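>>> fold the following.
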Amino acid sequence: MTAIFKPCKLRGEIDAPPSKSMAHRYLIGAALSGHTCTLTGVDFSEDILASMDCLRALGAGITANGDKVTVDPAGFMTAVSPVLPCRESGSTLRFFIPLALCLGRPVTLQGSERLMERPLGVYEELCSELGFAFRRDKTSVTLCGHLGGGRYRLRGDISSQFITGMILALVYLGKESAVEITPPFESRSYVELTLSALRSFGADVAFADPYTVRITPSRMRSFSGRIEGDFSNAAFLDAFNCIGSNVTVGNLRADSLQGDRVYRDCFEQLKSGSPTLDLSDCPDLGPVLIALAALLNGATFTGTERLKAKESDRGAAMGEELKKLGGGLILGDNVITVPRQTLRYGGEALDGHNDHRVVMALSVILSQTGGTIRGAEAVRKSYPGFFEDILRLGAEVTVS
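The predicted structure follows:
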């Protein structure tokens, strides 16, 4: 899919799409609850469809009607030698591996080659320590183990998704357990999201201290509710305001635990100067912050190592595309510098690098310069309605 922009300003009001992070957690939490639950406000991005398919593969009943999903967990975790289609969703893969290890029988998790290139060493080491089978190839992971309750130690500096995955599995096992997190502990807010979602279903989960999550046996209950708006994707809509548009973004909770709510403060700093910003706890904001820095006053970003292990190497991808516009980045060891630069579209189409957040960040830039993005269909991964939404706000973009 190709998106062709003319320079434009956006105007109007729009609701942020539902949170992908919360939808993953609530869908799995519903299956863990043991009760039929209905969730509304679900956006059927590719990543969420992957988690729904994996729940079905494990035996849960999943039905969708409009933006409503009903989860019937009666057959959950009864499947024999299931195959879980994770598509390109890192969250799905990392959330479901520990659950698969609870079955005591072979499970295969399938995904794209890029997905299987993303770090899984935390789980591979755990399986090695416990004597579980763990076999990985270009498009799948096959494993077999019988995870039990207990105390587990996981690194906190690779991805909080590993920690969430273990918490989900230990809640399923229903035994007194704990997850110890070795510092540095990055993206703590995502673990807080997990605990908040699970508590909605009655799970007794909490931080016992800053680096230990306690899981206590509890009687879970049915929960039905609405998925809150997504700060991660709202950032791409609000970014247009930093370059002359006038967009009001609604459906965002003031009391949200989402770590990417910090984007607003980051935007203010980018507008007022050339700040140094740490991305350790908000790597998903990397592309849009780089885009705005390139359009505004420049910036330095630290804690950028995790940008390499996303859908693309996001620092390298943004640098490659900015070079086509007459700019560029300086990539260092866990740091990215965005010099002051003037961007102009020279006629060479930009590449979305099969990365939803890169495509949306480049869209912000091209609303200023005009130009073309190839591979724009990558937005389906997290925000399938992105181009329709910005068109309603007056974006001059043709998508074909």
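>>> number of nearby residues for G149?
Residues lying near G149 (other Cβ atoms under 10 Å) number 15. To be clear about C-beta, it is placed using only N, CA and C from the backbone, and glycine gets the same treatment.
>>> distance-wise, check it relative to G104.
14 Å (Cβ to Cβ, to the nearest Å).
>>> ok, which stretches of the stretch 101-250 of the chain are helices?
113-117, 121-130, 160-173, 188-200, 231-239 (DSSP state H, counting those that start in this stretch).
>>> what is the mean pLDDT for the longest one?
Averaging pLDDT along helix 160-173 yields 98.
>>> ok, now the fourth one?
Within the predicted structure, the mean pLDDT of helix 188-200 is 97.
>>> could you dump the helices of the stretch 101-250 of the chain to a markdown table with mean neighbour count?
Converted to a markdown table, the helices of the stretch 101-250 of the chain look like this (neighbours: other Cβ atoms under 10 Å):
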| stretch | mean neighbour count |
| --- | --- |
| helix 113-117 | 15 |
| helix 121-130 | 16 |
| helix 160-173 | 25 |
| helix 188-200 | 21 |
| helix 231-239 | 26 |
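>>> just put these in a markdown table and tack on distance to G370.
Shown next, in a markdown table, are these (distance: least, Cβ to Cβ, whole Å):
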| stretch | distance to G370 |
| --- | --- |
| helix 113-117 | 30 |
| helix 121-130 | 43 |
| helix 160-173 | 37 |
| helix 188-200 | 36 |
| helix 231-239 | 17 |
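>>> L143 is nearest to which of the ones you listed?
Closest approach to L143 among these (Cβ to Cβ): helix 121-130, 6.3 Å.
>>> name the helices or strands packed onto the closest one?
Other elements packing on helix 121-130 under the criterion 3 or more Cβ pairs under 8 Å, 6 or more residues apart in numbering; DSSP states H and E are helix 90-100, strand 133-136, strand 151-155, helix 160-173.
>>> any chance of a markdown table for the ones you listed, columns distance to L120?
Rendered in a markdown table, the data for these read as follows (distance: least, Cβ to Cβ, whole Å):
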| stretch | distance to L120 |
| --- | --- |
| helix 90-100 | 8 |
| strand 133-136 | 7 |
| strand 151-155 | 12 |
| helix 160-173 | 9 |
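>>> and R25, that's in a helix?
Yes - under DSSP: H, G, I helix; E, B strand; the rest coil, R25 falls within a helix.
>>> how deep is P82 tucked in, by neighbour count?
P82: 20 neighbours (other Cβ under 10 Å).
>>> the nearest residue to it once chain neighbours are set aside: what's it in contact with?
Leaving aside its chain neighbours, P82 sits nearest to A57 (4.6 Å; criterion: Cβ to Cβ, 6 or more residues apart in numbering). A57 is in contact with A79, P82, V83, L84, P85, counting by Cβ atoms under 8 Å, 6 or more residues apart in numbering.
>>> now A57: how far from L84?
5 Å.
>>> same deal with E117?
18 Å.
>>> hmm, back to that, what pLDDT does the model give the residue nearest to P82?
98.
>>> so L39 makes contact with I227?
Yes - the pair L39 / I227 is scored as a contact, 6.2 Å apart, by Cβ atoms under 8 Å.
>>> of these two, who's got more company?
Ranked by neighbour count (other Cβ under 10 Å), L39 and I227 place I227 first, with 26 against 23.
>>> go ahead and confirm that one touches A23.
Yes - with contact taken as Cβ under 8 Å, I227 and A23 are classed as touching, separated by 5.1 Å.
>>> mind listing the shared neighbours of these two?
In contact with both I227 and A23: L39, V42, D43, using Cβ under 8 Å, 6+ apart.
>>> now render the residues you listed as JSON lines, adding pLDDT, distance to D255 and secondary structure.
Compiled in JSON lines, the shared contacts of I227 and A23 are given as follows (pLDDT from 0 to 100; distance: Cβ to Cβ, whole Å; DSSP: H, G, I helix; E, B strand; the rest coil):
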{"residue": "L39", "pLDDT": "98", "distance to D255": "19", "secondary structure": "strand"}
{"residue": "V42", "pLDDT": "97", "distance to D255": "21", "secondary structure": "coil"}
{"residue": "D43", "pLDDT": "95", "distance to D255": "21", "secondary structure": "coil"}
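>>> can you lay out those residues as CSV showing distance to Q161?
Formatted as CSV, the shared contacts of I227 and A23 follow (distance: Cβ to Cβ, whole Å):
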residue, distance to Q161
L39, 20
V42, 20
D43, 19
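>>> domain map for the chain?
Domains of the chain are assigned by automatic domain parsing as 2-16+231-250+259-399, 20-214.
>>> so what's the residue nearest to S280 when sequence neighbours are not counted up against?
Closest residue in space to S280, ignoring its immediate chain neighbours: G303 at 3.3 Å, by Cβ to Cβ, 6+ apart. G303 is in contact with E186, D278, L279, S280, D281, P283, N334, counting by Cβ under 8 Å, 6+ apart.
>>> ok, so of the shared contacts of I227 and A23, who is nearest P73?
L39 (12.9 Å).
>>> that closest one pairs with what?
For L39, the beta-bridge partners are V69, G225 (DSSP bridges).
>>> L55 touches A31, doesn't it?
Yes - judged on Cβ under 8 Å, L55 makes contact with A31 at a distance of 5.4 Å.
>>> okay, now the closest residue to G174 other than its chain neighbours: neighbour count?
Excluding the flanking residues, the one nearest G174 by Cβ to Cβ, 6+ apart is P217, at 5.1 Å. Neighbour count of P217, defined by other Cβ under 10 Å: 13.
>>> what is in contact with L39 and I227 at once?
In contact with both L39 and I227: A23, Y26, using Cβ under 8 Å, 6+ apart.
>>> so V364: helix, strand or coil?
Quick answer, by three-state DSSP: V364 is helix.
>>> now do the contacts for it.
Contacts of V364 (Cβ under 8 Å, 6+ apart): F236, A239, F240, I243, V288, A291, L292, L295.
>>> now swap in L58 and tell me
Counted by Cβ under 8 Å, 6+ apart, L58 has contacts A31, F76, M77, T78, A79, P82, L84, F96, L99.
>>> hmm, the first one is touching A74, no?
So that's A31. No - between A31 and A74 there is no contact under Cβ under 8 Å: 10.1 Å.
>>> quickly list what's touching both of the two.
Joint contacts of A31 and A74 (Cβ under 8 Å, 6+ apart) are A60.
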